[in-house]
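Undergrad: Below are the sequence and a predicted model for it; my questions follow.
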Amino acid sequence: MADVARTPDGTEQLSIDQLGASIKPGRTSEDLLFQVLLDWGLELSMSIKKEDVAGHELLTVEDGALIACFDQEVSPDIIREIARREPLRAVFRDDGFEDDAARINAEQIFREMSPKTDIKAI
């Protein structure tokens, strides 16, 4: 993860947009997935399946223990597809959502379709 801690006096107004991403440049989907596995206390030896669904890369751990989509743009259709699979956990890039409303809508989709799924955005 990127170092996003800043003091107000050390931040210029013009650079605030540049501080938005919390992911270090150059990180792959696998890098992010392993960090999430560690954060959630899951075994790194769990099976991982990579698949392409409607142009989105999904990483599925242990047949639904976790499904991750780290694409730069996450569509409502892929959110519904992941929720339809009812994983125990789902994780996305925070900056993959167009805005806060899109992220809130994603949470609502999971509440309706897969209420037991823990959702995380990194």
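TA: Cool, got the structure. The shown structure was predicted, so the numbers you read here are calculated from the model rather than taken from an experiment.
Undergrad: Below-threshold pLDDT in the protein: ranges please.
TA: 1-6, 8-22 (pLDDT under 70).
Undergrad: again, only using 80
TA: 1-26 (pLDDT under 80).
Undergrad: Let me see the ranges of the strands in it.
TA: With DSSP state E, the ranges of strands along the chain come out as 48-53, 56-61, 66-69, 89-92, 118-121.
Undergrad: would you turn the ones you listed into TSV with mean neighbour count?
TA: Where you see a C-beta, it was placed from the backbone N, CA and C, and this is true even at glycine. Putting the strands of the chain into TSV (neighbours: other CB atoms under 10 Å) gives the following:
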stretch	mean neighbour count
strand 48-53	12
strand 56-61	19
strand 66-69	24
strand 89-92	22
strand 118-121	15
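Undergrad: Please identify which of the ones you listed is closest to residue 101.
TA: Among the strands of the chain, strand 118-121 comes nearest to residue 101, with 13.7 Å by CB to CB.
Undergrad: Which strands border the closest one, and is each parallel or antiparallel?
TA: Taking DSSP bridges as the criterion, strand 118-121 pairs within the sheet with strand 89-92 (parallel).
Undergrad: Other residues contacting the partner strand?
TA: Applying CB atoms under 8 Å, 6 or more residues apart in numbering, the contact partners of strand 89-92 are 36, 40, 65-70, 74, 82-83, 106, 110, 114, 117-122.
Undergrad: closest one to residue 26 among the strands of the chain?
TA: Among those, if distance is taken as CB to CB, the winner is strand 56-61, at 16.6 Å.
Undergrad: Walk me through which strands the closest one pairs with, and which way each runs.
TA: Sheet pairing for strand 56-61, using DSSP bridges, gives strand 48-53 (antiparallel), strand 66-69 (antiparallel).
Undergrad: May I ask you to confirm that residue 36 is in contact with residue 122?
TA: Yes. Counting by CB atoms under 8 Å, residue 36 touches residue 122, with 6.7 Å between them.
Undergrad: which residues touch residue 72?
TA: Per CB under 8 Å, 6+ apart, neighbours of residue 72: 93, 95-96.
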